[in-house]
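Trainee: here is my input; please provide its structure:
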Amino acid sequence: MASEKRLFGTFGVRRTANDVLTPEFASRLAACYGTLIQGKVAIGGDTRTTSPMLMNAITSGLLSSGCDVVNLGILPTPAVQYAVRNYYDGGIIVTASHNPPKYNGLKFVDEFGIGIPDDMEIKIEEMYFDKDPKRANWDEIGEIFNNDTIIEEYIDEALKSVDTKAIEEANLNVILDCGNGAGCYTAPYLIQKLKCNLTTLNCQADGFFPGREPEPIEENLGELIATVKELNADIGLAHDGDADRTICIDEKGNFVLGDKTFALVEKQMLKENGGGIIVTTVATSQAIYDIASEHNGEVIATAVGDLLVARELKESNGIFGGEENGGLIFPDFVYGRDAALTVAKILEIIAKEKKSLSELVEELPVYYSNKMKIECPDNEKKEVMENIVREVQETTDFKLDTTDGVKILKDDGWVIIRPSGTEPIFRCFSESDTQEKANEMTEWGISLVEKFKK
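Mentor: I've put the predicted structure just below:
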């Protein structure tokens, strides 16, 4: 259970920067990780104002534990994961992903570029609190290297997985909103290489995120939606702060839910591969299962967290995976959510199918969903969760899935209630055959949290 960990959340350690997440904290944590890796560790960060400070601190911690450090600079999280998988023994990514600007975080990955497993997180925490990391002798301190070619290589490798010629010939009009995040260093160049007509919004890196909040949810993307309509574009694309997630706006200016994007790409991947294993979380749409059964696919569901999906993809030799939030995983390329190949793949689907994004989405199975969240202190989460499970078991005959939080399965849909691994909140998602039912189910879920929190 995540609640037993003292520092780590769903993926890494995320805190407010320079009050909890200080250079001293980051340096010691990096030294603990370095003690276990004892090799060449790549580091990279997103555009937050505190990223350079923390990158310098983790560099010191790693060198002190006897590791060599390869500085990749400021770039998307998946570009670091790509680099580690291909060249290095481990990696630390300085990012708070979609959190507000005052946050930052450290994501630790193994030699495959996958978020480190629970037992390693616990070893790092034990060393951090109860023991001491290795401090190398003066003549065994690591060295620092820079690798400034990785961004270009990452873009070029992503493009090798799609039919670039088909995309070029489609002559698509694309509006891109990087939200002043790390995608600024990759996404515009990738789209230009595909010879699309590109208009950019918020594509200058800025850790104050002046253009919009880093989370690419509908209320933060008003400018992108308006621009797509105004310029009659074929698609609008938005990334989160560390550019591992992609959200699409169709040519009419409609916000396309992440699970629709997932279903669209899943369909394509199953067609290309003649079937295969798809991995997703328990919080993903029934549409994913419908498409799999139609195209010779099999779905494996994990607890929420992209590193769990990535690990299962590797273990089961899956062809594609991801989450309902626009985070798609192409395991042949990066063992983690990756926005570069997601963008290339979606543009390829539009180009090859010769249909608009709204038409492609209309062909997908239809379900209605709703998401809500409610505040709840971290120390109450476990008890609230236990009470909800007991209440549902005692008062209903619904089926329960407790892979992650609790997923309540009804005849006409489902609702999942789960504590966030990164914030003091509960999230509640539902899906049903009408919007009214989906809304009712989420409201019921939220009311259960309200009932049991102090």
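
Trainee: contacts, neighbours, all on C-alpha from now
Mentor: Fine.

Trainee: just the pLDDT for the residue of the chain most remote from its centre.
Mentor: Centroid-distance maximum for the chain: residue 139 at 39.5 Å, with C-alpha atoms, centre = their mean. For residue 139, the pLDDT comes out at 98.

Trainee: now do the phi/psi pair for the closest residue to residue 181 other than its chain neighbours.
Mentor: Closest residue to residue 181 apart from its sequence neighbours, by C-alpha to C-alpha, 6 or more residues apart in numbering: residue 241 at 4.4 Å. Taking degrees, to the nearest 10, you get phi -60, psi -40 for the backbone angles of residue 241.

Trainee: and the helices in the stretch 51-200 of the chain?
Mentor: Listed in chain order, the helices of the stretch 51-200 of the chain (DSSP state H, counting those that start in this stretch) span 51-64, 77-87, 118-130, 150-160, 164-170, 187-193.

Trainee: quick one: closest of those helices to residue 323.
Mentor: helix 77-87 (15.2 Å; C-alpha to C-alpha).

Trainee: what comes into contact with stretch 385-403?
Mentor: If you take C-alpha atoms under 8 Å, 6 or more residues apart in numbering as the criterion, stretch 385-403 is touched by 282, 302-303, 405-410, 418-419, 448-449, 452.

Trainee: and which of those is nearest residue 229?
Mentor: Among these, and counting by C-alpha to C-alpha, the member closest to residue 229 is residue 282, at 34.5 Å.

Trainee: tell me how far that closest one lies from residue 339.
Mentor: Noted for residue 282: a distance of 22 Å to residue 339, by C-alpha to C-alpha, to the nearest Å.

Trainee: residue 396 now?
Mentor: Counting by C-alpha to C-alpha, the gap between residue 396 and residue 339 amounts to 41 Å.

Trainee: looking at the two now, which is surrounded by more residues?
Mentor: residue 339 (32 against 8; other C-alpha atoms under 10 Å).

Trainee: quick check, the more buried one in contact with residue 247.
Mentor: No - using C-alpha atoms under 8 Å, residue 339 makes no contact with residue 247, being 9.2 Å away.

Trainee: give me the common contacts of the two.
Mentor: Contact criterion C-alpha under 8 Å, 6+ apart; residues shared by residue 339 and residue 247: residue 239.

Trainee: residues in contact with the top helix by length along the chain?
Mentor: Counting residues, the longest helix found in the chain (DSSP state H) is helix 435-452. Residues outside helix 435-452 that contact it (C-alpha under 8 Å, 6+ apart): 368-374, 384-385, 387-388, 413-417, 426, 428-432.

Trainee: same question for stretch 144-163.
Mentor: If you take C-alpha under 8 Å, 6+ apart as the criterion, stretch 144-163 is touched by 63, 68-73, 75, 79, 82-83, 185-186, 189-190, 333, 340-341, 344-345, 348.

Trainee: can we see that at 7 Å?
Mentor: 68-72, 79, 83, 186, 190, 340-341, 344-345, 348 (C-alpha atoms under 7 Å, 6 or more residues apart in numbering).

Trainee: which SS state does residue 209 fall under?
Mentor: coil (DSSP: H, G, I helix; E, B strand; the rest coil).

Trainee: what about residue 406, how many neighbours?
Mentor: The burial count for residue 406: 23, using other C-alpha under 10 Å.

Trainee: wait, I meant residue 138
Mentor: Neighbourhood size, residue 138 [other C-alpha under 10 Å]: 9.

Trainee: repeat that for the one 10 residues further on.
Mentor: The number of residues packed around residue 148, counting by other C-alpha under 10 Å, is 13.

Trainee: how close does it get to residue 42?
Mentor: 12 Å.

Trainee: where do the contact lists of those two overlap?
Mentor: residue 72.

Trainee: among the contacts of helix 435-452, name the buried ones.
Mentor: Buried subset of the contacts of helix 435-452 (neighbour count, 16 or more other C-alpha atoms under 10 Å): 368-371, 373, 384-385, 387-388, 413-417, 426, 428-432.

Trainee: quick revisit: and the residue farthest from the centre of the chain, what does it touch?
Mentor: Counting by C-alpha under 7 Å, 6+ apart, residue 139 has no contacts.

Trainee: for residue 318, see how far away it is.
Mentor: Applying C-alpha to C-alpha, the value for residue 139 to residue 318 is 45 Å.

Trainee: tell me how many other residues surround residue 29.
Mentor: 25.

Trainee: beyond the strand or helix carrying it, next helix or strand please.
Mentor: Using DSSP states H and E, residue 29 falls within helix 23-37. Downstream of helix 23-37, the first helix or strand assigned by DSSP H and E is strand 40-45.

Trainee: where along the stretch 251-400 of the chain do the strands fall?
Mentor: 255-256, 276-281, 297-302, 320-322, 328-329, 368-375, 399-401 (DSSP state E, counting those that start in this stretch).

Trainee: give the pairing partners of the longest one; include direction for each.
Mentor: Read it as strand 368-375. strand 425-432 (antiparallel) (DSSP bridges).

Trainee: quick check: mean pLDDT of the partner strand?
Mentor: For strand 425-432, the mean per-residue pLDDT is 95.

Trainee: that older thread, make JSON lines from the strands of the stretch 251-400 of the chain and add mean pLDDT to it.
Mentor: What follows is the strands of the stretch 251-400 of the chain, written out as JSON lines (pLDDT from 0 to 100):
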{"stretch": "strand 255-256", "mean pLDDT": "98"}
{"stretch": "strand 276-281", "mean pLDDT": "97"}
{"stretch": "strand 297-302", "mean pLDDT": "97"}
{"stretch": "strand 320-322", "mean pLDDT": "97"}
{"stretch": "strand 328-329", "mean pLDDT": "98"}
{"stretch": "strand 368-375", "mean pLDDT": "94"}
{"stretch": "strand 399-401", "mean pLDDT": "94"}
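
Trainee: turn those into TSV, including distance to residue 103.
Mentor: Listed next are these as TSV, based on distance: least, C-alpha to C-alpha, whole Å:
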stretch	distance to residue 103
strand 255-256	27
strand 276-281	26
strand 297-302	27
strand 320-322	24
strand 328-329	24
strand 368-375	18
strand 399-401	32
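
Trainee: out of those strands, which is the most enclosed?
Mentor: For these, average neighbour numbers computed from mean count of other C-alpha atoms under 10 Å are highest in strand 328-329, which has a mean of 32.
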